[in-house]
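Student: return a 3D structure for these sequence lines:
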Amino acid sequence: MQGLHLTADLYHCACESVLMTDADMLAQLCRRHTLEAGLTLVDEKWHTFPEFQGQPGGVTGMLLLAESHLAVHTWPERNGVTLDVYVCNFQEDNSRKAEALMKAIVEAFRPSDMQRQHLTRGDVDGPADAGELVFEDVAGQAYFGFRFDRRILDRQTAHQRLELLESAPLGRTLRLDGRYMTSEAEEFFYHEALVHPAATAHPAPRTALIIGGGDGGALEELLKHRGIERATLVDLDGEVIDVARRYLEKIHRGALDDPRATVLVGDGVDFLARTSDRYDLILLDLTDPDTPAGPLYTPEFFHRCKHALAPGGALVLHMGSPFHQPGQVRDLCRMLRAQFAHVRPYGLHIPLYGTYWGLAVASDALDPDAAAGETIHARLEERGIRDLEYYNARVHGALFALPNYYLRLTRD
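Tutor: Presented below is the predicted three-dimensional model:
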């Protein structure tokens, strides 16, 4: 029967040690997360092993589910855990529930490293399609996924879960905390749209700051503007930068080591609080507001950004899906309007994100929507920017032509 089978091997777990040895505590945790995920508990069995050579014994347990099972095995002497979640999809698709259950239990054990497998099991009519089908949801409303031939990395960094997957259509694809960030094949949709509307509308950008963006894709687009003399990138997670340098050269194309670039590992809030530099462009290339990047989507942080801008400078950020996340988009537009004279939302469909995506340029002086197509074309030519896959002078204007439902959000 067609279904989803998830396994995880957890290493160097930082949870309380009792969770590895107390069957009752572990059983309570598993029951709670199983029910919260919306799965149906049928029966269970737990066993605590005796001490061995002075080391406490681990726990083996299983929850039998109407949808299939959850199995847990702890290895306290190694601070390790193996997990196994399988759900069949007979009457409904339970894949999202399985992913939620696995995520919750992994977070409870707090591993510093992890190996995961994601297997789509066969159908009654024959084998399922080859490859791992990795799902994602948009604001709990839309559910989509892509198949991948292999998992290159799956680890817990100090800040987030990092996955690097690979498929023929997308190439190498980066996910953080279970959300798609960028892929080799289609990264140009997001990175070109994030950078070029503001950078090209600005008459002469020379200094820029990117907060986030550890994959280097936005930095690579920014450095196509020959007038950029200095670009600083600050990302909270150094492991993202390391992984990008090693695996994602097709996305950053060496920009992380460009002599005009300074790449720092650190907190963007702290960086802006300390710096006295002023920037023509500040790009917030962040994960979503409900991630560790949350403090960077606040009025206080936007105020700091405003004061770090040079005269005529602009702030750029992505806001999420206007259709699936209208409240989030509306709130961000309100916050920006409280700080800046010009707030210009725009948008495009991003294949990896599965939906039409909203971005914005905010400034007291720069209005990219007012830049004529002839001006944009001339600046692209003057700056020698020709190797673009998405952005051009006509697309520039189209990005700011908003559908009515999105337009209403920006005015509320």
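Student: what residue ranges in the stretch 301-412 of the chain score low on pLDDT?
Tutor: For the stretch 301-412 of the chain, no stretch is flagged by pLDDT under 70.
Student: what mean pLDDT does stretch 68-87 get?
Tutor: Mean pLDDT, computed over stretch 68-87, is 94.
Student: helix or strand: which one has the nearest residue to residue 409 once chain neighbours are set aside?
Tutor: In space, and not counting its chain neighbours, residue 409 is closest to residue 330: 4.7 Å by CB to CB, 6 or more residues apart in numbering. The C-beta positions use only the backbone N, C-alpha and C, and glycine is treated the same way. Assigned by DSSP states H and E, residue 330 belongs to helix 326-337.
Student: so which elements touch the helix or strand following that helix?
Tutor: Later in the chain than helix 326-337, the nearest helix or strand by DSSP H and E is strand 342-350. Counting contacts by 3 or more CB pairs under 8 Å, 6 or more residues apart in numbering; DSSP states H and E, strand 342-350 packs against helix 187-201, helix 326-337, strand 355-363, helix 393-399, helix 404-411.
Student: other SSEs contacting the helix holding residue 330?
Tutor: Using 3+ CB pairs under 8 Å, 6+ apart, the elements in contact with helix 326-337 are helix 299-307, strand 309-320, strand 342-350, strand 355-363, helix 404-411.
Student: how far off centre is the last one?
Tutor: In terms of CA atoms, centre = their mean, to the nearest Å, the centre of helix 404-411 is found 25 Å from the chain centre.
Student: let's see it as CSV, backbone CA atoms only.
Tutor: Extracted C-alpha coordinates of helix 404-411, given in CSV (Å, rounded to 0.1, in the frame of the first residue of the first chain):
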residue,chain,number,x,y,z
ASN,A,404,-5.8,43.4,-7.0
TYR,A,405,-5.9,41.0,-4.1
TYR,A,406,-2.2,41.8,-3.4
LEU,A,407,-2.6,45.5,-3.9
ARG,A,408,-5.3,45.6,-1.3
LEU,A,409,-3.0,44.0,1.3
THR,A,410,-0.4,46.7,0.7
ARG,A,411,-2.9,49.5,1.3
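Student: now what about that helix, what contacts it?
Tutor: 322, 323, 326, 329, 330, 333, 343, 345, 347, 358, 402 (CB atoms under 8 Å, 6 or more residues apart in numbering).
Student: now for the residue nearest to residue 360 when sequence neighbours are not counted: which residues touch it?
Tutor: Leaving aside its chain neighbours, residue 360 sits nearest to residue 345 (4.6 Å; criterion: CB to CB, 6+ apart). By CB under 8 Å, 6+ apart, the residues touching residue 345 are 319, 329, 333, 358, 359, 360, 400, 402, 406, 409, 410.
Student: one more time with 7 Å, if that's ok
Tutor: Residue 345 makes contact with 333, 358, 360, 402, 406, 410, according to CB atoms under 7 Å, 6 or more residues apart in numbering.
Student: is the second one bridged to anything, and to what?
Tutor: Listed beta-bridge partners, residue 358: residue 320, residue 347 (assigned using DSSP bridges).
Student: against residue 92, how distant is it?
Tutor: Here residue 358 is placed at a distance of 31 Å from residue 92 (CB to CB, to the nearest Å).
Student: which of the two has more neighbours?
Tutor: Higher neighbour count among residue 358 and residue 92: residue 358, with 26 against 10, using other CB atoms under 10 Å.
Student: surely that one is in contact with residue 317?
Tutor: No. Judged on CB atoms under 7 Å, residue 358 makes no contact with residue 317 at a distance of 9.7 Å.
Student: how is the protein divided into domains?
Tutor: The record's domain split for the chain, according to automatic domain parsing, is 3-129, 187-411.
Student: check the offset of the longest one from the chain's centre.
Tutor: Its chain's C-alpha centre and that of domain 187-411 lie 15 Å apart, by CA atoms, centre = their mean.
Student: ends of it, how far apart?
Tutor: For domain 187-411, the first-to-last residue distance is 30 Å (CA to CA, to the nearest Å).
Student: now the helices: where do they sit in the stretch 1-150 of the chain?
Tutor: Remark: helices assigned in the stretch 1-150 of the chain by DSSP state H, counting those that start in this stretch are 18-21, 23-36, 95-109.
Student: quickly compare those and say which is most buried.
Tutor: Highest mean neighbour count of the helices of the stretch 1-150 of the chain: helix 95-109, a mean of 20 (counted as mean count of other CB atoms under 10 Å).
Student: re earlier: could I get the helices and strands packed on strand 342-350 as CSV with distance to residue 313?
Tutor: Formatted as CSV, these follow (distance: least, CB to CB, whole Å):
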stretch, distance to residue 313
helix 187-201, 9
helix 326-337, 14
strand 355-363, 7
helix 393-399, 19
helix 404-411, 21
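Student: can you say which of those is nearest to residue 309?
Tutor: Nearest to residue 309, of all these, is strand 355-363, at 7.5 Å by CB to CB.
Student: tilt between the closest one and helix 299-307?
Tutor: Per axes from the mean of the first three to the mean of the last three CA atoms, to 10 degrees, the angle that strand 355-363 makes with helix 299-307 is 60 degrees.
Student: buried residues, strand 355-363. List them.
Tutor: Residues of strand 355-363 classed as buried by neighbour count (16 or more other CB atoms under 10 Å): 355, 357, 358, 359, 360, 361, 362, 363.
Student: before we move on, what about stretch 153-168?
Tutor: For stretch 153-168, burial by neighbour count (16+ other CB under 10 Å) applies to 153-157, 159-167.
Student: and stretch 387-399, by the same measure?
Tutor: Buried positions in stretch 387-399, judged by neighbour count with 16+ other CB under 10 Å: 390, 391, 392, 393, 395, 396, 397, 399.
Student: since that was my last question, I'll sign off now.
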